[in-house]
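A.B. asks: All I have is the shape, not the residue letters:
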């Protein structure tokens with residue numbers, strides 16, 4: 001009996017070994033595998049930009065929201081008062097400009113009036129000059145008295161002084177216009193500053209309402225009405241829809257044939273028995289140790305070489321995302337096919 005079974009077992013073992021060997025030769029030797037891979041996501045942190053007390057929290061953790069949905073409302077009483085004050089000052093500045101414009105119009109009218117007075121004074125000066133010349137001719141021929149000549153000369157001097165006074169009045173009126181125009185420019189500048197203050201107050205008021213920047217699921221929401229928040233306080237996290245990807249950490253000895261676009265087989269512990277096909281989206285420009293909080297200091301006497309790992313970002317296919325079972329942080333196993341990929345492998349060095 002044993003003699004009859006043994007040949008069958010040997011033949012089966014050889015067949016199985018041949019099949020596995022052919023699979024390794026045709027495919028397996030080109031696959032770089034690792035179980036140091038996890039589902040990750042581009043998580044958006046929701047933070048406050050103004051301080052205040054929480055007035056309302058319309059959403060809760062693990063709730064799906066759409067872009068623009070209100071996540072948190074802060075008490076906006078102080079912000080509304082600041083906005084009202086800024087608008088009042090801005091409107092008062094506008095009334096100041098209206099008043100200065102009216103004063104400028106009045107000053108320009110005064111210039112016109114002074115110019116008319118100058119024209120009258122010049123006409124009077126011409127008449128007085130003519131009368132004085134006539135009186136001097138008559139006085140030289142003893143036709144008129146010295147008293148009349150003196151009166152004509154006096155009228156001429158008065159008329160000439162009147163012209164000078166009229167010209168001075170024009171200069172004064174024009175200077176007043178210039179002063180008012182300068183005041184208007186200053187008031188306009190102040191009004192623009194007040195408009196900026198209004199815009200800032202409106203912005204501060206708008207910032208009391210925190211909205212979702214994208215469609216996604218809210219996480220880590222721990223706020224309650226009445227809580228005090230300050231600028232920069234992390235209030236919640238948002239995992240945008242479609243932002244999941246796999247981050248695999250491959251050994252540096254596995255990176256020689258890895259390229260962007262390479263096909264990737266992946267399995268998820270959360271989806272047992274199913275294999276999905278994705279592709280390499282990008283490769284990190286440095287190992288994970290470089291970006292750690294305390295990078296390794298290798299310039300020491302007790303150096304020990306440790307194989308480094310390079311983060312590789314892998315796009316998850318739509319059918320896996322559509323399952324709804326994937327969450328950031330879940331374990332994944334991947335196998336990258338080094339025979340394909342549309343870009344230069346990361347193995348290229350600076351020396352080359």
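C.D. replies: Structure received. Keep in mind it's a predicted model, so treat the numbers as computed, not measured.

A.B. asks: ok, then the element right after the strand or helix carrying residue 36?
C.D. replies: In the assignment (DSSP states H and E), residue 36 maps to strand 31-41. Toward the C-terminus, strand 31-41 is succeeded by strand 44-47 as the next helix or strand (DSSP H and E).

A.B. asks: Now do the buried residues in that next one.
C.D. replies: Residues of strand 44-47 classed as buried: 44, 46 (neighbour count, 16 or more other CB atoms under 10 Å). No exception for glycine: its C-beta is placed from N, CA and C like everyone else's.

A.B. asks: what about the residue nearest to residue 338 when sequence neighbours are not counted, which SS state?
C.D. replies: Residue nearest to residue 338 in three dimensions, not counting chain neighbours: residue 257, with 3.1 Å by CB to CB, 6 or more residues apart in numbering. Secondary structure, DSSP: H, G, I helix; E, B strand; the rest coil: residue 257 is coil.

A.B. asks: what about residue 257, neighbour count?
C.D. replies: 18 (other CB atoms under 10 Å).

A.B. asks: That one touches residue 32, doesn't it?
C.D. replies: Yes: look at residue 257 against residue 32 with CB atoms under 8 Å: they come within range, at 7.1 Å.

A.B. asks: Please identify every residue contacting each of these two.
C.D. replies: residue 338 (CB atoms under 8 Å, 6 or more residues apart in numbering).

A.B. asks: Give the other helices and strands that the longest helix anywhere in the chain contacts.
C.D. replies: In the chain, assigned by DSSP state H, the helix with the most residues is helix 77-140. Judged by 3 or more CB pairs under 8 Å, 6 or more residues apart in numbering; DSSP states H and E, helix 77-140 is in contact with helix 146-206.

A.B. asks: same for the helix it packs on, what does it pack against?
C.D. replies: Using 3+ CB pairs under 8 Å, 6+ apart: helix 146-206 touches helix 77-140.

A.B. asks: Report the mean confidence score over the helix it packs on.
C.D. replies: Confidence for helix 77-140, expressed as mean pLDDT, is 83.

A.B. asks: contacting residues for the residue lying closest to residue 40 once chain neighbours are set aside?
C.D. replies: Closest residue to residue 40 apart from its sequence neighbours, by CB to CB, 6+ apart: residue 247 at 4.5 Å. By CB under 8 Å, 6+ apart, the contact set of residue 247 is 37, 38, 40, 311, 312, 313, 314.
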